[in-house]
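> next one to model:
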Amino acid sequence: MIRPFRAAAFAALLLATAEAPPPAAPAPPPVSRGALAQLFGEADYPADALRRHEQGKVGFHLDIDAAGGVAGCTITQSSGSASLDEATCRLIKARARFSPVRDAGGKAVPDTFDGHIVWHLDDDTAPAPPPGSSLATLFSDADYPMAALRRHEQGKVDFRLDIDSAGGVTGCTVTHSSGSVSLDEATCRLLKERAHFSPARDAAGNAVPDTFDGHIIWRIDDDTSASPEFDAAAGVWMRCLTEAVRQRVAGPEAAETLVAKAFDACTAEEAQLAAIGTRTLAQPAPDSNAMRQGMREALLQSISTARSKPSR
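Just a heads-up that it's a prediction; the model follows:
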């Protein structure tokens, strides 16, 4: 986990007089641009990200005003967790202050800064898994869908299981797609066939239905990987598409229109993937092979899943 910073404890003497309001809190001291991690503590880890065991690196771009305050924060590289991305910008904007940059005449001027924060769960702070949560042991190399293997599809599938009072899985919903229809489908199919949990119990000790949220990571070993560079570029492209859909899925647009706009929004990432594929794998661009079609199908499925959930 991000190493916690330790703030000194100050005692404030409050004077109960109407004439003398308490003094304003002093501005925080400037922080080194290379030491932003010290602004984050263990208590800042978002509860939902902790529950889902989400980790990752968040890249960001800061707009810094002439006084050294953070006027804006933009995510340039997602961790894959909306909670971690949001917390990164929110906390930096609330806590970071930099020494102002000055021009040749000594005047303080606005500036920008690019950096990243790594959110990591130590083994001793990770939430204890419930019975039946070592679900990766239910999967083997032989389970890798041939269609996904042929297209070199990899990724993390987040899911929610509905568990009956006997501990059996009665339902499985993909809550975050891997970008591969084949991997998403295989995840739920195999969990429904193979997973069994210790029943949850109520205060009286009676077995009751329950739910469980988790994820499965499908990964092709490095010795069978055609190109790590291509894999990385494909991941960037897929994340761009899924994020573009996520931001608009609650709107009224038809699913096909939403997917088309997502592809339009990620043309730069797709062009980069095509260039790397041509250079390293001698493969055609994504729009001329099954990869684009597979991603299109996955996005349509994720839209259907998101819109079928009842509003809370």
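> rest of the way, CA atoms for contacts and neighbours
OK.
> in the stretch 101-250 of the chain, which spans are helices?
Along the stretch 101-250 of the chain, counting by DSSP state H, counting those that start in this stretch, helices occupy 146-150, 181-194, 228-248.
> is it possible to get TSV of these that adds distance to A275 and mean pLDDT?
Conversion of the helices of the stretch 101-250 of the chain to TSV gives the following (distance: least, C-alpha to C-alpha, whole Å; pLDDT from 0 to 100):
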stretch	distance to A275	mean pLDDT
helix 146-150	20	76
helix 181-194	24	91
helix 228-248	9	82
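> and A94, which of these is closest to it?
Comparing the helices of the stretch 101-250 of the chain against A94 with C-alpha to C-alpha, the closest turns out to be helix 228-248 (23.9 Å).
> just want the most central residue of this protein.
S81 (1.6 Å; C-alpha atoms, centre = their mean).
> next one, pLDDT for that one please.
The model reports S81 with a pLDDT of 86.
> what's the distance between the closest residue in space to it that isn't next to it in sequence and S83?
The shortest distance from S81 to any non-neighbouring residue, by C-alpha to C-alpha, 6 or more residues apart in numbering, is to E54 (6.6 Å). Look at E54 and S83: by C-alpha to C-alpha, to the nearest Å, they are 9 Å apart.
> higher neighbour count, these two?
It is E54, of E54 and S83, that has more neighbours when counted by other C-alpha atoms under 10 Å, with 20 against 16.
> wait, is that one part of a strand?
No. If the criterion is DSSP: H, G, I helix; E, B strand; the rest coil, then E54 is coil and not within a strand.
> quick check, it in contact with D85.
No. In this structure E54 lies outside contact range of D85 using C-alpha atoms under 8 Å: 11.0 Å.
> can you spell out which helices and strands pack onto the helix or strand hosting S83?
Here S83 sits within helix 82-95, counting by DSSP states H and E. Contact partners of helix 82-95 among helices and strands, from 3 or more C-alpha pairs under 8 Å, 6 or more residues apart in numbering; DSSP states H and E: helix 47-51, strand 56-64, strand 70-77.
> can you put those in a markdown table and add mean neighbour count?
Formatted as a markdown table, the helices and strands packed on helix 82-95 follow (neighbours: other C-alpha atoms under 10 Å):
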| stretch | mean neighbour count |
| --- | --- |
| helix 47-51 | 14 |
| strand 56-64 | 19 |
| strand 70-77 | 17 |
